[in-house]
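Visitor: Model the structure of this input:
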Amino acid sequence: MKRYLVFLLLSFQGLWAQVQFEARVSKNTLGLNERLQVDFFMNIDGDNFNEPSFEGFRVVAGPMQQVSQSWINGKSSFEKIYTYYLIPNQKGSLVIKQATIEYNGKVYKTNPVRVNVTNAVEQPRDPNDISVSADHNLYLVADVSKSNPYINEPITLVYKLYFNNIGITNSAEVNKPKYNDFWSQNIDVKQFVVQEGMFKGQNFRYIVLKKVVLYPQKSGKLTIEPLSLDIDVQLPTNRRNMFGQMLIKEDRKRVSTGAKTISVKALPEAGKPADFSGAVGSFDFRVTPTKTSLKNGESLDLVVSVAGKGNLKLFNLPKPEVPNALEMYDAVHNEQVNTPLSGMTGKISDSYTIIPQYKGDYPIKPLQFSYFDLKTGRYKTISSQEIVVSVLDGPTPTDAVAAQSGSQKNAVVANEQFKYIKLETKLEPMAMKDFFGSKLFYSLLLIPFGLIPVIVLAKKKKEAIDGDIVGNRIKRNNRLAKKYLSEAKKQINNKEPFYVALEKAMHNFLKAKLHIETSEMSKDNIKEILLSKKANPEAVNDFITLTENCEFARYAPSSSASIQKDYEKAVSIISDLEKQLS
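Guide: Numbers count the residues shown, from 1 in each chain. This next block holds a predicted model:
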């Protein structure tokens, strides 16, 4: 009897020493639309089973518990299994983490299991499985308008959900494509409309779920990632209720478009203009000045614009070159572009403010704009006309300034200001009354002497005004500061133009008050000069901080309230400095 008890005790110790607790999966690689069975197997009756979090998966069924115990040839075997059915939420390498149990005061853990999730796969039809039968009545399709476009040629992507003989109650995106290597624009689908059409040779109903316009940004084979959806469906069964009505079973099905490959052609090198900046489509190019004849102190706006159909947001406009005697400020960019399903249409423009410095005629060279025409498959170049800006009055440029303005400008000035001396005259006698000694004679003789002092004083005053280049520049900068501050108020609902105008207003205010040029406007120099003029340090710091934030705010998210606050702050700072520096 004692020997039997010792043998029995050793047998149980051997069983305890061979505790098994492990996670088993039905497959290690599966598609995004497939189910995964996970079994947590143990050969002992463990307590306090804790399942893992199943990150990256959605549990569709479970846990389901199975327990079995048997005696074979005098040996006892015990099995307990917890079963789960999962659907992956994303592609990639996913890990099923450790589960735990307690047995005889000890904690046992399973090993982590790694599962590789690929794109959605086509599943075989099982007529006995109602959930699988939905595969042949439910399809998600991505229609691509063109599979072999040029770089920056628009293509459209329309997602359609085809269904037949089933009901749809809800849907949720599982895998949203990112459109790598494409510029993309979503087209809003305001309302789902059920339509009828042919698909795979059969009549189907379908809904347009989503529309996207894509512009490929590089050549080669580009992949459009699949869109995957979880669809709640209602499936008819062969059973009927007591009134003879067919019973409906609700289920959830995952559908995917699959990946799409687009072969993008590079733009041809033959005939490509040197100034080509990537414009593709059909365009009209214009360079338009607001005026060509100016008085001293006036300014003009030179507008460079492109209108038409094509990738309007994806290229830069050419920049004009002006003589040194014309001061040109940075451009204000404006976009009036719509993006329907066929691609971008509208107009973009750069507006340059130009202020003349001296009297004379100054040419602005013609500009060229090149683009690739998709209809002809060739490059086209549009050239603008030369523009001559005539400044009617003001100081005459010095020899040094005239030399820097270029030979072409000098030729125009010379041709306009100097005429050839006529070497021959033709005089004809005229019959006239005796004028000598008349009242008119003496009146005309004395009037010039009376006008001489007036002319001398007026000439000196005009020469003083014309010669005061610094004073004229201060007045001009004051006018520009008021102009751009007014422009900022007009653009208060348009973030980027608002901050461009606000920054120019503050710069021109400084140039007028401190008598400095743009090249001298460093942060330390401005601060030193303002403080030396007894400006309030707090106002100086606020001015510099707001100026530095203008460039950042043009691209950072901001609300209308913050824009209004920045405008009011700029007005307050300029008003305070105006009083302190006067």
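
Visitor: rest of the way, CA atoms for contacts and neighbours
Guide: Will do.

Visitor: Name the spans of the stretch 251-400 of the chain whose pLDDT lies under the cut-off.
Guide: 397-400 (pLDDT under 70).

Visitor: if you set the cut-off to 80 instead, what comes out?
Guide: For the stretch 251-400 of the chain, the stretches flagged by pLDDT under 80 are 251, 296-297, 394-400.

Visitor: which stretches of it form strands?
Guide: With strands called from DSSP state E, counting those that start in this stretch, the stretch 251-400 of the chain shows them at 260-264, 281-289, 293-294, 300-310, 326-328, 332-338, 345-356, 360-364, 368-373, 378-383, 387-391.

Visitor: Starting from the third one, tell me which strands it pairs with and how they run.
Guide: For strand 293-294, the paired strands and their directions (DSSP bridges) read strand 387-391 (parallel).

Visitor: how much does the strand it pairs with deviate in direction from strand 360-364?
Guide: 160 degrees (axes from the mean of the first three to the mean of the last three CA atoms, to 10 degrees).

Visitor: Mind listing what's buried along strand 387-391?
Guide: Across strand 387-391, burial judged by 16 or more other CA atoms under 10 Å covers 388-391.

Visitor: Now render the residues you listed as a markdown table, adding distance to M42.
Guide: Output for the buried residues of strand 387-391, formatted as a markdown table (distance: CA to CA, whole Å):
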| residue | distance to M42 |
| --- | --- |
| V388 | 92 |
| V389 | 91 |
| S390 | 95 |
| V391 | 95 |
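
Visitor: Is it possible to get TSV of the strands of the stretch 251-400 of the chain that adds distance to K495?
Guide: Shown next, in TSV, are the strands of the stretch 251-400 of the chain (distance: least, CA to CA, whole Å):
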stretch	distance to K495
strand 260-264	36
strand 281-289	25
strand 293-294	31
strand 300-310	20
strand 326-328	23
strand 332-338	12
strand 345-356	16
strand 360-364	31
strand 368-373	28
strand 378-383	32
strand 387-391	32
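
Visitor: What is the neighbour count of L367?
Guide: 19 (other CA atoms under 10 Å).

Visitor: Hmm, S384 and it touching each other?
Guide: Yes. Here L367 lies in contact with S384, judged by CA atoms under 8 Å, at a distance of 5.4 Å.

Visitor: list residues touching both of those two?
Guide: Listed as contacting both L367 and S384 by CA atoms under 8 Å, 6 or more residues apart in numbering are V287.

Visitor: residues in contact with E386?
Guide: Counting by CA under 8 Å, 6+ apart, E386 touches 363-366.

Visitor: and which of those residues is nearest to D330?
Guide: I364 (16.2 Å; CA to CA).

Visitor: in the sheet, who's paired with the closest one?
Guide: Taking DSSP bridges, one obtains I387 as the residues bridged to I364.

Visitor: for the one 4 residues further on, same thing?
Guide: Under the criterion DSSP bridges, Q368 forms beta bridges with S383.

Visitor: What sits closest to R286 if chain neighbours are left out?
Guide: Nearest non-adjacent residue to R286, counting by CA to CA, 6 or more residues apart in numbering: S305, 5.4 Å away.

Visitor: Tell me how far the one you found lies from N508.
Guide: Note on S305: its distance to N508, by CA to CA, to the nearest Å, is 26 Å.

Visitor: out of these two, which sits in the busier spot?
Guide: Ranked by neighbour count (other CA under 10 Å), S305 and N508 place N508 first, with 24 against 20.

Visitor: next one: phi and psi at that one?
Guide: Backbone dihedrals for N508, given as degrees, to the nearest 10, come out at phi -70, psi -30.

Visitor: Same check on the one 3 residues further on?
Guide: Note on K511: backbone dihedrals following degrees, to the nearest 10 are phi -60, psi -30.

Visitor: Out of the contacts of E386, which comes closest to T547?
Guide: Nearest to T547 among those, with distances taken as CA to CA, is I364, at 31.5 Å.

Visitor: Return the distance of the closest one relative to N296.
Guide: 18 Å.

Visitor: Please identify the buried residues of stretch 573-580?
Guide: Buried residues in stretch 573-580, counted by 16+ other CA under 10 Å: 573-574, 577.

Visitor: Now do that stretch: everything it contacts.
Guide: If you take CA under 8 Å, 6+ apart as the criterion, stretch 573-580 is touched by 506, 509, 534-536, 539, 542-543.

Visitor: Pull that stretch out as CSV, backbone CA atoms only.
Guide: Taking C-alpha atoms only, stretch 573-580 is exported to CSV below (Å, rounded to 0.1, in the frame of the first residue of the first chain):
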residue,chain,number,x,y,z
ILE,A,573,1.6,99.4,-30.7
ILE,A,574,2.0,101.8,-33.7
SER,A,575,-0.1,104.4,-32.0
ASP,A,576,2.0,104.2,-28.8
LEU,A,577,5.3,104.4,-30.7
GLU,A,578,3.9,107.3,-32.8
LYS,A,579,3.4,109.3,-29.6
GLN,A,580,6.7,108.3,-28.0
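
Visitor: to the chain's geometric centre, what's the distance from that stretch?
Guide: 37 Å (CA atoms, centre = their mean, to the nearest Å).

Visitor: before we move on, what about stretch 36-54?
Guide: 49 Å.

Visitor: same question, stretch 450-465
Guide: 60 Å.

Visitor: circling back: drop anything exposed from the contacts of E386.
Guide: The buried subset of the contacts of E386 (16+ other CA under 10 Å) comprises 363-364.

Visitor: what's the average pLDDT for the biggest helix by length in the chain?
Guide: In the chain, taking DSSP state H as the definition, the longest helix is helix 439-467. What helix 439-467 shows for mean pLDDT is 76.

Visitor: Now do the helices in the stretch 51-200 of the chain.
Guide: Along the stretch 51-200 of the chain, counting by DSSP state H, counting those that start in this stretch, helices occupy 130-133.

Visitor: ok, which stretches of it are strands?
Guide: All strands of the stretch 51-200 of the chain, identified by DSSP E, counting those that start in this stretch, fall at 57-72, 75-88, 92-96, 100-103, 106-109, 113-118, 138-144, 155-163, 167-175, 182-187, 194-199.

Visitor: Serialize those strands to JSON lines and add fields for mean pLDDT, distance to V337 and mean neighbour count.
Guide: Shown next, in JSON lines, are the strands of the stretch 51-200 of the chain (pLDDT from 0 to 100; distance: least, CA to CA, whole Å; neighbours: other CA atoms under 10 Å):
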{"stretch": "strand 57-72", "mean pLDDT": "76", "distance to V337": "42", "mean neighbour count": "12"}
{"stretch": "strand 75-88", "mean pLDDT": "82", "distance to V337": "40", "mean neighbour count": "17"}
{"stretch": "strand 92-96", "mean pLDDT": "88", "distance to V337": "38", "mean neighbour count": "16"}
{"stretch": "strand 100-103", "mean pLDDT": "87", "distance to V337": "59", "mean neighbour count": "17"}
{"stretch": "strand 106-109", "mean pLDDT": "87", "distance to V337": "60", "mean neighbour count": "14"}
{"stretch": "strand 113-118", "mean pLDDT": "89", "distance to V337": "39", "mean neighbour count": "17"}
{"stretch": "strand 138-144", "mean pLDDT": "89", "distance to V337": "23", "mean neighbour count": "20"}
{"stretch": "strand 155-163", "mean pLDDT": "91", "distance to V337": "17", "mean neighbour count": "20"}
{"stretch": "strand 167-175", "mean pLDDT": "79", "distance to V337": "30", "mean neighbour count": "13"}
{"stretch": "strand 182-187", "mean pLDDT": "90", "distance to V337": "12", "mean neighbour count": "16"}
{"stretch": "strand 194-199", "mean pLDDT": "85", "distance to V337": "31", "mean neighbour count": "12"}
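
Visitor: now these in JSON lines, with distance to I224?
Guide: As requested, the strands of the stretch 51-200 of the chain are arranged in JSON lines below (distance: least, CA to CA, whole Å):
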{"stretch": "strand 57-72", "distance to I224": "23"}
{"stretch": "strand 75-88", "distance to I224": "20"}
{"stretch": "strand 92-96", "distance to I224": "17"}
{"stretch": "strand 100-103", "distance to I224": "41"}
{"stretch": "strand 106-109", "distance to I224": "41"}
{"stretch": "strand 113-118", "distance to I224": "15"}
{"stretch": "strand 138-144", "distance to I224": "10"}
{"stretch": "strand 155-163", "distance to I224": "10"}
{"stretch": "strand 167-175", "distance to I224": "12"}
{"stretch": "strand 182-187", "distance to I224": "9"}
{"stretch": "strand 194-199", "distance to I224": "22"}
